[in-house]
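**Q** Sequence and predicted structure are below.
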Amino acid sequence: MLCLGLPPLLLLAKLLLERALAESFLHLPAPQNVTIVSYNFQNTLKWSQVMGINSSAVSYRVEYRTKSDSIWIEDNSRNITKPEYNFTHVINEFDEVIFRVRTEQGELKSDWVQTSPFQARHQTILGPPREIDATVEANSIFVSYKAPFDNNSRFFVFQYLISYWETSADKDVPSSDKVEEVKTSNTKFKLVNLMEMTEYCFHIQAVLPEKKLHGRLSETYCRKTSLTETTRILSITLPFIFAVVVLIIIFFCWVVIKKHQNLIKSLWRPPLTIPLHYEKDLQNPQMTVVEEFRNCAGEDYWDAVSVISSVEQNPTVTNSIDNNNQEVHLLQNR
């Protein structure tokens, strides 16, 4: 009986050994580079593409469980043909989950590859605000924008941090002491009381305060302010007012000069003095006494001065005058 049964046992062992060797030789490679990418709470499990036996197509299977549970859940994640799996609809932002994935081809399967625990509320990447638009309104800049994603959940209450600064000719990157920051929960905001005719740059960041999650910065936008209406009016009226004031001052000065001409002349002209060599000539008895010039000089100023010699000190002139008077007297008697 043992001899008769020995060959079938050997044959069975041989078959099992061959099958084990075939399975070890045909074992599928496991997925590599398994990572979780989460952007704006859109969660995707990704891995590198795997080639099957004879370079044939393979499928993938994904399972997950919460960190506090040991039961793996499949959730219709069998026969996945692309090396990625979107699980946004599977979990919420508060769940801390672990995923595993393997390669399958018919009856052949690879080993499982497991991820680290993932929680969307802390590990997602929050993008910048969308559709940012800025318009200038005099010395203000009106900014409008949208949330990083369409927010249909009551759990997402965004705040926005707007940083703005005045640009300079040599440096567009601001220093920390020149950056102004404002926080708002509105998707429209006006930067007011800016310098006129000055270029300002700004960027915006979305924040989820309850989750302590700060999003990425938006691109930098720059706008140049314009003049206010008051400044425009003043720029037109001030030159006109200045011209009128100048004309009034000129007219007033002209009136004062005309009215006080003599006084102005007396103030501007130096006192009349006689040069020394003229004074010696005037000491001649036939010339006018020097003291008379001095007295006249102290009394008034004249545009023209005439010197008249004294008749009393000149006998020739006195005799001529007497003769003339006698002739006039004789003519009158006739």
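**A** Cool, the structure landed.
**Q** Which parts of this structure belong to which domain?
**A** The chain breaks down into these domains under automatic domain parsing: 21-122, 130-224, 229-259, 263-321.
**Q** Compute the first-to-last residue distance for the second one.
**A** Right, the one you point to is domain 130-224. One end of domain 130-224 sits 22 Å from the other (C-alpha to C-alpha, to the nearest Å).
**Q** Dump whichever helix or strand S38 is part of to PDB, restricted to CA.
**A** Here S38, judged by DSSP states H and E, is contained in strand 35-39. Once non-C-alpha atoms are left out, strand 35-39 reads as follows in PDB (Å, rounded to 0.1, in the frame of the first residue of the first chain):
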ATOM      1  CA  THR A  35       1.300  59.800  -2.000                       C
ATOM      2  CA  ILE A  36      -1.800  61.900  -1.100                       C
ATOM      3  CA  VAL A  37      -2.300  65.200  -2.900                       C
ATOM      4  CA  SER A  38      -4.900  67.600  -1.300                       C
ATOM      5  CA  TYR A  39      -5.600  71.000  -2.800                       C
END
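**Q** Residues in contact with that strand: which ones?
**A** Where contact means C-beta atoms under 8 Å, 6 or more residues apart in numbering, the residues beyond strand 35-39 that reach it are 43-47, 99, 115, 118, 120, 123-125, 127. The way it works is simple: take the backbone N, C-alpha and C, and place the C-beta from them, glycine included.
**Q** can you do 10 Å?
**A** 43-48, 84-88, 93, 97, 99, 115-127, 148-149, 216 (C-beta atoms under 10 Å, 6 or more residues apart in numbering).
**Q** and the domains of the chain as CSV, adding mean pLDDT and mean neighbour count?
**A** As requested, these are exported to CSV (pLDDT from 0 to 100; neighbours: other C-beta atoms under 10 Å):
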stretch, mean pLDDT, mean neighbour count
domain 21-122, 88, 15
domain 130-224, 87, 14
domain 229-259, 83, 10
domain 263-321, 59, 11
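**Q** Show the contacting residues for the closest residue to K188 other than its chain neighbours.
**A** Take K188 and drop its neighbours on the chain: the residue closest to it by C-beta to C-beta, 6 or more residues apart in numbering is S144, 4.8 Å away. Contacts for S144 were tallied using C-beta under 10 Å, 6+ apart; they are 129, 131-135, 186-190.
**Q** Could you tell me which of the residues you listed belong to strands?
**A** 131-135, 188-190 (DSSP state E).
**Q** from the residues you listed, which is closest to E210?
**A** Closest to E210 out of those is F189 (21.2 Å), distances taken as C-beta to C-beta.
**Q** and the gap between that closest one and K183?
**A** 10 Å (C-beta to C-beta, to the nearest Å).
**Q** and what of M197?
**A** 28 Å.
**Q** next helix or strand past the strand holding S38?
**A** According to DSSP H and E, the helix or strand after strand 35-39 is strand 42-46.
**Q** Now the element after that next one, going C-ward?
**A** Counting by DSSP H and E, what follows strand 42-46 is strand 59-66.
**Q** Could you name the helices and strands sitting against that next one?
**A** On a contact count with 3 or more C-beta pairs under 10 Å, 6 or more residues apart in numbering; DSSP states H and E, strand 59-66 meets strand 42-46, strand 84-86, strand 96-105.
**Q** contacting residues around T88?
**A** By C-beta under 10 Å, 6+ apart, the neighbours of T88 are 38, 40-44, 120.
**Q** does K280 count as helix, strand or coil?
**A** Three-state call for K280 (DSSP: H, G, I helix; E, B strand; the rest coil): helix.
**Q** And the contacts of T88, which is closest to Y278?
**A** N40 (107.3 Å).
**Q** For I80, see how far away D133 is.
**A** Distance from D133 to I80, by C-beta to C-beta: 41 Å.
**Q** Same question for V245.
**A** Distance from V245 to I80, by C-beta to C-beta: 86 Å.
**Q** Beyond the top helix by length along the chain, next helix or strand please.
**A** Longest among the helix segments of the chain by residue count, using DSSP state H, is helix 229-259. The helix or strand immediately downstream of helix 229-259 is helix 261-268, counting by DSSP H and E.
**Q** That next one vs helix 229-259, what angle?
**A** Interaxial angle, helix 261-268 versus helix 229-259 (axes from the mean of the first three to the mean of the last three C-alpha atoms, to 10 degrees): 90 degrees.
**Q** Does anything pack onto helix 261-268? Which helices or strands?
**A** helix 229-259.
**Q** Next, the contact list for K183, please.
**A** 159-162, 189, 207, 209.
**Q** Quick test: name the residue nearest the centre of the protein.
**A** Closest residue to the average C-alpha location of the chain: Y200 at 1.9 Å, with C-alpha atoms, centre = their mean.
**Q** L194 is in contact with that residue, correct?
**A** Yes: contact criterion C-beta atoms under 10 Å: Y200 and L194 qualify, at 6.0 Å.
**Q** Name the residues contacting each of these two.
**A** Contacts common to Y200 and L194, judged by C-beta under 10 Å, 6+ apart, are 136, 141, 164, 166, 180, 223, 225.
**Q** Switch those residues over to CSV; also include secondary structure and distance to V62.
**A** Output for the shared contacts of Y200 and L194, formatted as CSV (DSSP: H, G, I helix; E, B strand; the rest coil; distance: C-beta to C-beta, whole Å):
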residue, secondary structure, distance to V62
V136, strand, 52
I141, strand, 48
Y164, strand, 46
E166, strand, 52
E180, strand, 48
R223, strand, 48
T225, coil, 55
